[in-house]
Each structure stands twice: as C-alpha cells, then as structure tokens.
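Undergrad: Sequence first, then the predicted structure, then my questions.
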Amino acid sequence: MRKLFIIIFFVTVSIGASAQSQSNSTYSIGLKMFALEEQPKLLNEVRNNTKYYSSGLNGLMLKINDNQISYRFAAYTFKEKDYTFRNQCSTCEIVSGNYNSLDIKIGFERSIIYSRLQPYYGLELGYKNVEFGGVSADANSKAPIYNVNIEKNGVTLNPFLGLKLNVINAITIGAEAGFDIIRTHDKETKTQLNSTLISNSNFDRWQYASRPLARLSLQFNFGRD
C-alpha cells in the first residue's frame, strides 16, 4: 500500500510538471480566431445602444515569453462592406458604406499564477487607422444626400484581462476582454452626388471602444529553454 501511495505521488508530480505554462517556451505565434468589438464613432454618429461587430481569422500576434511576463506584438484588420450607422440624430441620416481598419499594437501580458490554466492581465499601446467611404441618405425618404470619405489615424491604449489554457506544451488557447482609449486625427470630406465639394474637415477627438471579446486566439509555442 505504501508503494502504491509513492507511485501515485510521483505520477501526480509528473502530471503537474508536464502541464507546463506558456512561459516554458521562448516564443509564441497566435492567430486571432474570433473577436466581438465596438468600433469608434464616425461623423456625428448616434448610438442608442452599444453595437458590437464580429470578426475572425483577421490578425496575428507574436509573443516573447519571459517567466510570467510575455512581451507581445499584434496586428489585425477589420473590414465591413455594409457598415451602417445613424448620423446627427436617430431620425436624421443613415450613412452606409465600406469600413476598413488596421490596428498595430505592442505591449505586455503578465500571468497571475503559474499553472496550466492561467488568468492574466496586460496593457497595449497601438496605432489605429480607419478608412470609410459611403453615402448619407435621408432616414425617412431614403434619398441620397451626399457622399462622404473619412480617414482616422491615431493612437490607442488598451488595458485587458484574459484567461489562457495550455492544452499541450506547443498549443495554447487564449481569450481576453478589454477596452480601447482612442485619440485620433480625423479627416472628413463630404461631396455632393455630382462630386462637388461640400466640406473638408480636420480635427482631433477622444473616443472609447469596449471589447467584450477582444481576442480569442490559438497560439503555437516553440523555442523551449
């Protein structure tokens, strides 16, 4: 019986050791499999409720793991061909068109505990570019009013919380939530339907975007010490 307990003890220790964390690999490459995020407002957009947009397989992440801290670099895009929102007021204008954004972020994440299932927190600083081209129409008659082109360039600050599961040494699944604090320089060009210029505006603005599922990722770990 004593030998049995000794065997069970060593098996348990072995399992615990084999359930290594991601920090046992020097590098990780992750794929952004799915996300559910809010996008920054355009023009004088009116939102009665928060609207989230889903996306998938649209980003990459590289991590350098150092004990419980990982330094990370990420880039991802978001595209929506029929991006629609209400402008000025809920019964004034409906604007629709093509929306394209690019985010490039660098930051860190720190694991709270060292185990197979790891909660973590982190912070990222990033660059954001948004381009939109569409048409504004009267909300009641649906008649086109003007064409609009928008470009946003700015910086983002993104605190986040996450949870990752090290399935095996080489594979980790992670999910995280956070929000973006955004400072952008916006360029808005409005033209009549015959391309005559109506207005050309340049201004800076602060915005906030929530990200209830900022990233569901599949990560591949390699380069063990």
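TA: Thanks, I have the structure now. Because the structure is predicted, anything quoted here is derived from the model rather than measured.

Undergrad: Spatially nearest residue to Pro119, not counting backbone neighbours?
TA: Residue nearest to Pro119 in three dimensions, not counting chain neighbours: Ile112, with 4.8 Å by C-beta to C-beta, 6 or more residues apart in numbering. Any C-beta I mention is one placed from the backbone N, CA and C, and that applies to glycine too.

Undergrad: ok, the one you found to Leu43 distance?
TA: Ile112 sits at a distance of 41 Å from Leu43 (criterion: C-beta to C-beta, to the nearest Å).

Undergrad: And for Tyr121?
TA: 35 Å.

Undergrad: Between these two, which is the more surrounded one?
TA: Legend: neighbour count by other C-beta atoms under 10 Å for Tyr121 and Leu43, higher for Leu43 (20 against 15).

Undergrad: Strands of the chain, start to end?
TA: 25-37, 45-46, 53-55, 59-66, 69-87, 93-111, 117-138, 144-168, 171-191, 197-224 (DSSP state E).

Undergrad: In JSON lines: those strands, plus mean pLDDT.
TA: JSON lines is the format used below for these (pLDDT from 0 to 100):
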{"stretch": "strand 25-37", "mean pLDDT": "97"}
{"stretch": "strand 45-46", "mean pLDDT": "96"}
{"stretch": "strand 53-55", "mean pLDDT": "97"}
{"stretch": "strand 59-66", "mean pLDDT": "96"}
{"stretch": "strand 69-87", "mean pLDDT": "97"}
{"stretch": "strand 93-111", "mean pLDDT": "98"}
{"stretch": "strand 117-138", "mean pLDDT": "98"}
{"stretch": "strand 144-168", "mean pLDDT": "97"}
{"stretch": "strand 171-191", "mean pLDDT": "98"}
{"stretch": "strand 197-224", "mean pLDDT": "96"}
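
Undergrad: Stretch 70-88: which residues count as buried?
TA: Of the residues in stretch 70-88, Ser70, Arg72, Ala74, Ala75, Tyr76, Phe78, Tyr83, Phe85, Arg86, Asn87 count as buried by neighbour count, 16 or more other C-beta atoms under 10 Å.

Undergrad: How far away from the center of its chain is that stretch?
TA: 8 Å (C-alpha atoms, centre = their mean, to the nearest Å).

Undergrad: Please give me every residue in contact with Asn87.
TA: Leu43, Asn44, Glu45, Val46, Glu93, Ile94, Val95, Ser136 (C-beta atoms under 8 Å, 6 or more residues apart in numbering).

Undergrad: Look up the closest residue to the fifth one, ignoring the ones flanking it.
TA: Nearest-residue entry for Glu93: Asn87, 4.1 Å, with adjacent residues in sequence omitted and distances by C-beta to C-beta, 6+ apart.
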